[in-house]
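Participant: got a structure for you, letters missing:
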């Protein structure tokens with residue numbers, strides 16, 4: 001009788017462990033699918049954001065995203081930095097000095113602008129282009145949130161640095177993200193206002209910087225009231 005009772009207890013424990021594992025797996029799969037479906041539902045997105053860095057004051061910015069791989073960022077006030085990314089390049093443009101720094105458009109931000117996002121929690125899944133390393137859930141003021149630690153594959157099929165993407169639930173909506181720069185300094189971005197989602201037409205000029213714009217100083221496309229850049233001739237490249 002004692003042996004039989006122990007066998008029953010062991011069987012119940014095994015069933016409980018299997019059920020817990022199955023439940024966790026199912027919940028994780030639903031969380032991944034929520035994110036994947038949301039990202040793939042966006043063709044273009046414009047929003048206002050707050051940006052905080054470890055060694056800089058808070059900035060207010062505007063970001064326009066369009067697929068595939070297009071991004072434009074401008075900042076409110078005296079910050080003259082413009083960031084433009086497309087399928088060919090990513091540039092940092094300091095408008096007042098007319099200086100361009102070119103970079104490869106490979107990084108954690110691509111999870112927002114890439115087409116056909118395929119997310120997995122299995123790092124060995126060759127069919128996926130995004131790997132979720134960790135998921136954390138939290139609640140604040142009666143609202144539920146979820147944060148995904150995501151590594152995106154770059155053009156050479158290697159994982160980029162992680163982006164910590166935060167979303168609110170019911171309904172699912174991206175609230176912001178955290179990344180680390182090449183000096184390992186934290187950059188926190190919080191979306192404060194969604195302006196447009198899946199607009200029918202976007203001018204391709206938004207995601208480029210023409211010579212005419214640079215010469216005229218009329219380089220702004222965002223919603224902020226900013227004067228055209230006036231520079232002395234010697235500042236011109």
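Facilitator: Cool, the structure landed. Computed from a predicted model, the values in this text were never measured in an experiment.
Participant: distance check, the residue nearest to residue 71 when sequence neighbours are not counted against residue 105.
Facilitator: With C-beta to C-beta, 6 or more residues apart in numbering as the criterion, residue 71 has its nearest non-adjacent residue at 4.1 Å, and that residue is residue 85. For the C-beta atoms, the positions are set from N, CA and C on the backbone; glycine is no exception. Distance from residue 85 to residue 105, counting by C-beta to C-beta, to the nearest Å: 5 Å.
Participant: pull up the overlap in contacts between those two.
Facilitator: Common neighbours of residue 85 and residue 105 (criterion: C-beta atoms under 8 Å, 6 or more residues apart in numbering): residue 69.
Participant: rewinding a little: and the pLDDT for the residue nearest to residue 71?
Facilitator: Taken from the predicted model, the pLDDT recorded for residue 85 is 95.
Participant: residue 116: neighbouring residues, count only.
Facilitator: Under the neighbour criterion other C-beta atoms under 10 Å, residue 116 is assigned a count of 10.
Participant: doesn't residue 40 make contact with it?
Facilitator: Yes: counting by C-beta atoms under 8 Å, residue 116 touches residue 40, with 6.9 Å between them.
Participant: identify the contacts common to those two.
Facilitator: Common neighbours of residue 116 and residue 40, counting by C-beta under 8 Å, 6+ apart, are absent.
Participant: which residues does the residue nearest to residue 71 bridge with?
Facilitator: residue 71, residue 90 (DSSP bridges).
Participant: which residues touch it?
Facilitator: 69, 70, 71, 72, 91, 105, 109, 113, 207.
Participant: please indicate which of those are buried?
Facilitator: For the contacts of residue 85, a neighbour count by 16 or more other C-beta atoms under 10 Å gives the buried set as 69, 70, 71, 72, 91, 105, 109, 113, 207.
Participant: farthest-separated two in those residues?
Facilitator: For the buried ones among the contacts of residue 85, the maximum inter-member distance is 15.0 Å, found between 91 and 113 (C-beta to C-beta).
Participant: please enumerate the strands of the protein.
Facilitator: With DSSP state E applied, the chain shows strands at 44-53, 56-66, 70-75, 81-85, 90-94, 99-103, 119-120, 130-140, 143-152, 163-168, 173-180, 186-197, listed in chain order.
Participant: I'd like those strands written out as CSV, with distance to residue 223 added.
Facilitator: Conversion of these to CSV gives the following (distance: least, C-beta to C-beta, whole Å):
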stretch, distance to residue 223
strand 44-53, 7
strand 56-66, 6
strand 70-75, 9
strand 81-85, 14
strand 90-94, 18
strand 99-103, 23
strand 119-120, 31
strand 130-140, 29
strand 143-152, 27
strand 163-168, 24
strand 173-180, 19
strand 186-197, 7
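Participant: which one of the ones you listed lies closest to residue 230?
Facilitator: Go through those one by one with C-beta to C-beta and the one that ends up closest to residue 230 is strand 90-94, at 14.7 Å.
Participant: may I see the buried residues of the closest one?
Facilitator: Buried residues in strand 90-94, counted by 16+ other C-beta under 10 Å: 90, 91, 93.
Participant: tell me the one of the residues you listed nearest residue 172?
Facilitator: Among the buried residues of strand 90-94, residue 90 lies closest to residue 172 (C-beta to C-beta), at 28.1 Å.
Participant: how much space is there between that closest one and residue 146?
Facilitator: Look at residue 90 and residue 146: by C-beta to C-beta, they are 28 Å apart.
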